[in-house]
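Enquirer: Have a look at this fold, sequence not included:
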């Protein structure tokens with residue numbers, strides 16, 4: 001008898017909720033459909049007449065395709081032998097392996113053109129988010145529609161169309177601000193769970209800098225918003241929401257973050273001082289691109305004349321954006337949000353010597369990022385909100401036919417200058433001509449003996465991470481998280497060519513793209529002829545300037561009693577991507593030198609007994625083997641992946657509880 005009223009109340013609430021959803025769809029359906037058509041038309045040239053380019057191919061296509069092929073083959077590619085003589089592939093944040101919106105593409109098959117499909121999808125997310133936020137601020141559908149277009153089709157998304165991870169992260173900014181504004185009025189379990197989901201959506205595309213900017217400058221917006229409101233309860237609710245975004249969202253993304261942090265600590269990124277780069281800062285002249293798209297020369301048949309990287313300083317979102325934004329300043333809510341989002345970032349992006357940059361550079365994470373103008377999406381959203389507020393103001397005096405003409409003009413403008421005529425957006429040639437045919441030609445010239453190819457640090461065939469598709473091992477690649485020790489070894493080989501032999505490359509890539517046999521190289525695995533012990537990494541790094549791996553092997557650490565013997569031998573029996581099996585003979589305890597980069601998680605065993613591994617020749621794995629004969633198995637097992645996966649599962653279950661309101665929290 002007591003159950004029936006509860007069931008009745010449940011179904012009554014569900015009918016009310018379903019009715020509200022239907023009402024919202026009827027009210028917002030037409031504007032959202034308009035935005036969807038705009039985004040589809042904007043990206044149609046990307047999909048039909050061109051292809052992705054630059055980093056979209058080198059980083060995102062190459063990594064996503066490799067991961068997708070591995071998953072369809074039923075394995076997780078924790079390690080790849082194809083880049084940098086070996087690399088912890090799945091620890092690389094930029095792969096975006098655990099970002100759910102990448103999964104359909106990776107499961108169905110990644111091509112260069114699917115990068116443009118991912119951009120289109122996130123163009124929809126960005127436009128819809130800016131629409132929802134602008135409607136919350138202005139209550140005006142035409143103005144919100146304009147704000148969606150001004151943000152999702154703006155110069156930021158155009159200039160960074162090659163940086164797929166950046167676009168994916170920036171697309172979620174308006175949703176984050178919208179959710180924080182809702183949480184500032186009322187905290188519910190469902191809203192906190194959604195905050196965690198948005199936090200994970202910011203992290204999982206794998207672009208740390210964009211996620212960092214989003215989190216930090218949204219926190220600054222929340223702080224300024226609270227000061228304007230002078231409300232302690234609002235501040236407390238915003239703090240709770242931001243904590244859910246950061247902590248709960250990080251827990252959801254722990255499957256990527258945990259192994260990624262280990263890779264970062266081992267990578268060259270720890271040596272980067274972003275304050276010394278001197279590139280990618282805000283220039284006042286950049287604002288001219290808001291009204292003149294070719295001010296710096298980014299359109300077809302133009303020559304770029306702007307500062308630094310061409311992708312950093314292009315802001316155009318329509319010739320009417322600036323006057324509409326000025327008109328929109330009459331909306332206090334829009335103005336307050338735009339100023340709080342945009343001004344702190346612009347002040348920071350001015351660079352060293354301007355106050356805020358020097359302060360922020362001391363915060364965790366900021367010293368290891370470069371090119372501050374990667375964060376222009378923050379002011380871009382502010383300008384879009386003001387532009388939408390300006391359209392809302394015009395709506396009071398413009399009849400619908402005139403407003404329709406205005407929207408047509410606005411869209412044709414951005415379609416022309418940000419898509420059809422802009423060389424930043426996509427390559428005007430097919431993927432077959434640019435990448436696929438040249439890569440097949442490269443593979444055709446390889447003879448069966450080509451096991452590993454040596455090339456200088458910036459070497460490439462079509463693109464630098466081609467080896468993930470051509471499936472031939474290379475000593476080079478393209479990744480800001482290249483392992484520090486390995487990078488130092490390869491860089492030293494430019495001054496000390498004797499080091500090249502230690503990379504175990506069978507062939508080398510010359511400056512014209514021709515692959516030739518490499519004479520006098522060392523095998524993948526061999527026993528040291530002479531062992532020199534050095535105390536630490538700094539001393540082994542110094543030794544690279546005069547070291548010859550054909551004569552001696554450098555071992556790092558406390559000396560172990562070994563007996564190098566000229567009669568010792570080793571044979572490679574099996575090689576998989578993260579497993580090697582070797583057969584050895586050695587009359588004495590000996591040191592086996594492997595041309596595999598040293599990295600935590602590599603293990604070696606003989607007769608079910610784990611063997612000691614240690615760094616040798618500064619960058620590689622050494623294995624101490626006992627006297628005798630037998631098989632040695634080396635394998636890679638990530639140390640933190642499964643811990644991160646467990647944390648993500650627990651956090652995901654908590655999200656499900658939050659979305660179903662089972663925490664008992666109401667305020």
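Expert: Nice, I can see it. Only a predicted model underlies this, so the values are computations on that prediction, with no experimental measurement involved.

Enquirer: what sits against residue 283?
Expert: The neighbours of residue 283, taking Cβ atoms under 8 Å, 6 or more residues apart in numbering as the test, are 307, 313. For every residue, glycine as well, the C-beta is placed using N, CA and C.

Enquirer: Could you measure from it over to residue 494?
Expert: For residue 283, the distance to residue 494 (Cβ to Cβ, to the nearest Å) stands at 34 Å.

Enquirer: number of nearby residues for residue 128?
Expert: By other Cβ atoms under 10 Å, the residues close to residue 128 number 21.

Enquirer: Would you confirm that it contacts residue 148?
Expert: Yes. In this structure, residue 128 is within contact of residue 148 by Cβ atoms under 8 Å, at 6.6 Å.

Enquirer: what residues are shared contacts of those two?
Expert: Residues touching both residue 128 and residue 148 (Cβ under 8 Å, 6+ apart): residue 35.

Enquirer: Show me the strands in the stretch 51-200 of the chain, by range?
Expert: Counting by DSSP state E, counting those that start in this stretch, no segments of the stretch 51-200 of the chain form strands.

Enquirer: which stretches of it form helices?
Expert: Here the stretch 51-200 of the chain has its helices, by DSSP state H, counting those that start in this stretch, at 55, 62-72, 103-108, 112-138, 141-152, 155-159, 164-170, 173-185, 189-203.

Enquirer: Serialize those helices to a markdown table and add fields for distance to residue 42.
Expert: Converted to a markdown table, the helices of the stretch 51-200 of the chain look like this (distance: least, Cβ to Cβ, whole Å):
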| stretch | distance to residue 42 |
| --- | --- |
| helix 55 | 20 |
| helix 62-72 | 23 |
| helix 103-108 | 19 |
| helix 112-138 | 7 |
| helix 141-152 | 9 |
| helix 155-159 | 9 |
| helix 164-170 | 13 |
| helix 173-185 | 18 |
| helix 189-203 | 22 |
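
Enquirer: Between those, which one is closest to residue 337.
Expert: helix 112-138 (6.3 Å; Cβ to Cβ).

Enquirer: between the closest one and helix 189-203, how many degrees?
Expert: In terms of direction (axes from the mean of the first three to the mean of the last three Cα atoms, to 10 degrees), helix 112-138 departs from helix 189-203 by 140 degrees.

Enquirer: Now do helix 112-138 against helix 173-185, angle only.
Expert: Using the same axes, to 10 degrees: helix 112-138 against helix 173-185 is 30 degrees.

Enquirer: Tell me how far helix 112-138 lies from the chain's centre.
Expert: Chain-centre distance of helix 112-138: 18 Å, with Cα atoms, centre = their mean, to the nearest Å.

Enquirer: From the contact counts, what lies against that helix?
Expert: Judged by 3 or more Cβ pairs under 8 Å, 6 or more residues apart in numbering; DSSP states H and E, helix 112-138 is in contact with helix 3-49, helix 103-108, helix 141-152, helix 155-159, helix 164-170, helix 173-185, helix 332-349, helix 377-395.

Enquirer: export the ones you listed to JSON lines and tack on distance to residue 317 and mean pLDDT?
Expert: Shown next, in JSON lines, are these (distance: least, Cβ to Cβ, whole Å; pLDDT from 0 to 100):
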{"stretch": "helix 3-49", "distance to residue 317": "12", "mean pLDDT": "74"}
{"stretch": "helix 103-108", "distance to residue 317": "27", "mean pLDDT": "96"}
{"stretch": "helix 141-152", "distance to residue 317": "5", "mean pLDDT": "98"}
{"stretch": "helix 155-159", "distance to residue 317": "6", "mean pLDDT": "97"}
{"stretch": "helix 164-170", "distance to residue 317": "14", "mean pLDDT": "98"}
{"stretch": "helix 173-185", "distance to residue 317": "14", "mean pLDDT": "97"}
{"stretch": "helix 332-349", "distance to residue 317": "13", "mean pLDDT": "97"}
{"stretch": "helix 377-395", "distance to residue 317": "7", "mean pLDDT": "97"}
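
Enquirer: These into a markdown table, with extra columns for mean neighbour count and distance to residue 88?
Expert: Converted to a markdown table, the helices and strands packed on helix 112-138 look like this (neighbours: other Cβ atoms under 10 Å; distance: least, Cβ to Cβ, whole Å):
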| stretch | mean neighbour count | distance to residue 88 |
| --- | --- | --- |
| helix 3-49 | 13 | 32 |
| helix 103-108 | 15 | 19 |
| helix 141-152 | 29 | 35 |
| helix 155-159 | 27 | 31 |
| helix 164-170 | 28 | 18 |
| helix 173-185 | 22 | 30 |
| helix 332-349 | 21 | 32 |
| helix 377-395 | 28 | 30 |
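
Enquirer: So which of these is nearest residue 556?
Expert: Nearest to residue 556 among the helices and strands packed on helix 112-138 is helix 164-170 (35.2 Å), distances taken as Cβ to Cβ.

Enquirer: mind checking how far residue 80 is from residue 158?
Expert: Counting by Cβ to Cβ, the separation of residue 80 from residue 158 is 32 Å.

Enquirer: go on, residue 612?
Expert: Distance from residue 612 to residue 158, counting by Cβ to Cβ: 54 Å.

Enquirer: Could you do residue 576 as well?
Expert: Between residue 576 and residue 158 the distance is 42 Å, computed by Cβ to Cβ.

Enquirer: one step back: mind checking which of the helices of the stretch 51-200 of the chain is nearest residue 397?
Expert: With Cβ to Cβ as the criterion, residue 397 lies closest to helix 141-152 of the helices of the stretch 51-200 of the chain, at 12.3 Å.

Enquirer: other SSEs contacting that closest one?
Expert: Helix 141-152 is packed against helix 3-49, helix 112-138, helix 321-328, helix 377-395, helix 400-415, with contacts defined by 3+ Cβ pairs under 8 Å, 6+ apart.

Enquirer: rerun that using 6 Å as the cut-off
Expert: Judged by 3 or more Cβ pairs under 6 Å, 6 or more residues apart in numbering; DSSP states H and E, the packing partners of helix 141-152 are helix 3-49, helix 112-138, helix 377-395.

Enquirer: So for residue 214, what's the pLDDT?
Expert: Residue 214 is assigned 98 on the pLDDT scale.

Enquirer: Also the one 4 residues further on?
Expert: At residue 218 the predicted local distance difference test score is 97.

Enquirer: Next, the buried residues of stretch 471-481.
Expert: Buried positions in stretch 471-481, judged by neighbour count with 16 or more other Cβ atoms under 10 Å: 472, 473, 474, 475, 476, 477, 478, 479, 480, 481.

Enquirer: Let me see the confidence value for the residue nearest to the third one when sequence neighbours are not counted.
Expert: It refers to residue 474. Spatial nearest neighbour of residue 474, excluding adjacent residues (Cβ to Cβ, 6 or more residues apart in numbering): residue 467 at 4.3 Å. Residue 467 carries a pLDDT value of 97.

Enquirer: Which neighbouring residues are in contact with residue 467, exactly?
Expert: With contact set as Cβ atoms under 6 Å, 6 or more residues apart in numbering, residue 467 has these partners: 82, 83, 474.

Enquirer: For the first one, which residues are in contact?
Expert: With Cβ under 6 Å, 6+ apart as the criterion, the residues that contact residue 82 are 467, 468, 473.

Enquirer: Out of those residues, list just those in strands.
Expert: Residues from the contacts of residue 82 lying in strands, with DSSP state E as the criterion: residue 473.
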